[in-house]
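Undergrad: have a look at this prediction, sequence included:
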Amino acid sequence: MFKRLLNFFRVSQPAAVQLPHDENTDALYKRLRWQVFLAGTIGYSLFYVCRTTLNVVKKPMLDAGLVDASQLGVVGSALLFAYAGGKFFNGFIADHSNIKRFMATGLALSACANLVMGVMGFTTGVISAGAFTAVFATMWAISGWGQSVGSPCAVIGLSRWYPLKKRGTFYGFFSLSHNLGEFLSFVLVGLIVSAVGWQWGFWGAALAGVLGVVVIIWLMHDTPESQKLPPVEVLTGEAAQQNASAPAESTASLQRLALRTPGVWILAASSAFMYMARYAVNSWGVLFLQETKDYSLVESTNLISVNALLGIFGTVLSGWFSDKFFRGDRRLPAIIFGVCNTVSLILFLYGGNGIVVNVISMILFGISIGVLICFLGGLMAVDLVPRKATGAAMGVVGLASYIAAGCQDIISGKLIDARITIVEGVKVYDFSHASAFWVIASTLSFLLIVPLLFSKKKPNT
């Protein structure tokens, strides 16, 4: 049984009959690689809808007295810690896997977890608060493990189907899936929660996950060879530029090489602090606006969705302009947008209640975080390793990023709870300590990559 399961998820064998490399195969290759791109981008955006549901329903759950901020921090961190470990583990596995089957299975698991959480929402008063929190944390961790499959599979799809000279451009376009998913979650799930209750928000996310599974099964393809095409190196002309006498290295040996690359670990640390700042706004931004600036739920979700929507411009343009104007060198743009990210976060946290200031801060935050997700969240590390070790590099960065994001959720929850006061019988939340923590994390993120400007850049391999 276990062996049969392994074979089901193993990378596809080349088709028995291979097509010759001519104009017809070039046309087929371009059509299939576009399908892979669309499957990864649309599919992963719907992963995000399933991942961010909790961020929309925190205020209703707090108001209902089901949990406190510390418990919400624990539940949120359960997904992030499971995601961190899963992304490292599944990133290595994904290099050896059938990415269509692996990615679809991960999203199906996350959708099922959201469905169960929606059902659990109707059991309040039947089970104890402690049991309720424990079940929520467990299901959210299961969702996180399923979520961890999405990004490695989507990026490996790009690596298997796209030439090196276009990888940055298409990686940037793919990265808009993060922002598109967050935008859909904040707007659509926010509307569902406002209209019919927070429990139904989880069910809406589950439906989005089912749609994503259908898209992945329909459009994703594992390898060019499995579709009767020559390897991507032949299709793109890269094979002629490589040393034919060089011995082919195994995937496992190239993965070990990725683990010994110092730049990968530096980028992982920088991404970790960036993810603290990113998830501070995504996880606590709606509650921050409601408690600190007296915004309604709809106003808060709409404002935070500006960050997700505008992030699309950052992610779409980041790979293209770094390929075109910086010849694939992402270091200086990453530092510039890291500074912009910190400035926008300060503006959001300390810029007052005015709608214009807050919209501007979310525009700047969205664009800068979009660029940084693309660069620090994977592309710069992928640039440093061989194609067959793409998943390993993504795994290292993902492990650091989401452990940091999970720690942020716990620390932020405790900092917020520690500053609660009671005014006329109503809880008042003080975000001052949490805000300082978020700004420090954002600052450390861009400072860590400054030394990389003075190192010799390793070319794409």
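TA: It's in.
Undergrad: residue 296 touches residue 290, doesn't it?
TA: Yes: here residue 296 lies in contact with residue 290, judged by C-beta atoms under 8 Å, at a distance of 7.3 Å. C-beta here means a position set from N, CA and C on the backbone, and glycine is covered the same way.
Undergrad: looking at the two, which one has more neighbours?
TA: residue 290 (20 against 12; other C-beta atoms under 10 Å).
Undergrad: so the more buried one touches residue 58, yeah?
TA: No: between residue 290 and residue 58 there is no contact under C-beta under 8 Å: 9.1 Å.
Undergrad: can you count the residues close to residue 453?
TA: Residue 453: 12 neighbours (other C-beta under 10 Å).
Undergrad: okay, strands next: where are they in the stretch 351-461 of the chain?
TA: Secondary structure of the stretch 351-461 of the chain (DSSP state E, counting those that start in this stretch): strands at 421-423, 426-428.
Undergrad: coming back round to it: quick check: neighbours shared by residue 290 and residue 58?
TA: Applying C-beta atoms under 8 Å, 6 or more residues apart in numbering, one finds that no residue jointly contacts residue 290 and residue 58.
Undergrad: ok so, going back, need the overlap of contacts for residue 296 and residue 290.
TA: By C-beta under 8 Å, 6+ apart, no residue touches both residue 296 and residue 290.
Undergrad: surely residue 180 and residue 312 touch.
TA: Yes: Residue 180 is within contact range of residue 312, at 6.4 Å (criterion: C-beta under 8 Å).
Undergrad: any regions of the stretch 101-250 of the chain where pLDDT drops low?
TA: 124-127, 129, 167-168, 237-249 (pLDDT under 70).
Undergrad: now do the helices in it.
TA: Along the stretch 101-250 of the chain, counting by DSSP state H, counting those that start in this stretch, helices occupy 129-147, 150-161, 164-174, 176-184, 190-196, 198-219, 232-235.
Undergrad: which one of those helices is the most hemmed in?
TA: Highest mean neighbour count among these (mean count of other C-beta atoms under 10 Å): helix 150-161, with a mean of 28.
Undergrad: which residues touch it?
TA: 32-33, 36-37, 39-41, 43-44, 47, 87, 90-91, 94-95, 97, 99, 102-103, 106-107, 167, 170-171, 174, 177, 220-224, 232, 378, 382, 387, 390-391, 394-395, 398.
Undergrad: burial of residue 442, as a residue count?
TA: 28.
Undergrad: show the pLDDT at it.
TA: Note on residue 442: pLDDT of 94.
Undergrad: what's the answer for residue 344, then?
TA: So residue 344 comes in at 95 (pLDDT).
Undergrad: ditto for residue 329
TA: The model's pLDDT for residue 329 equals 76.
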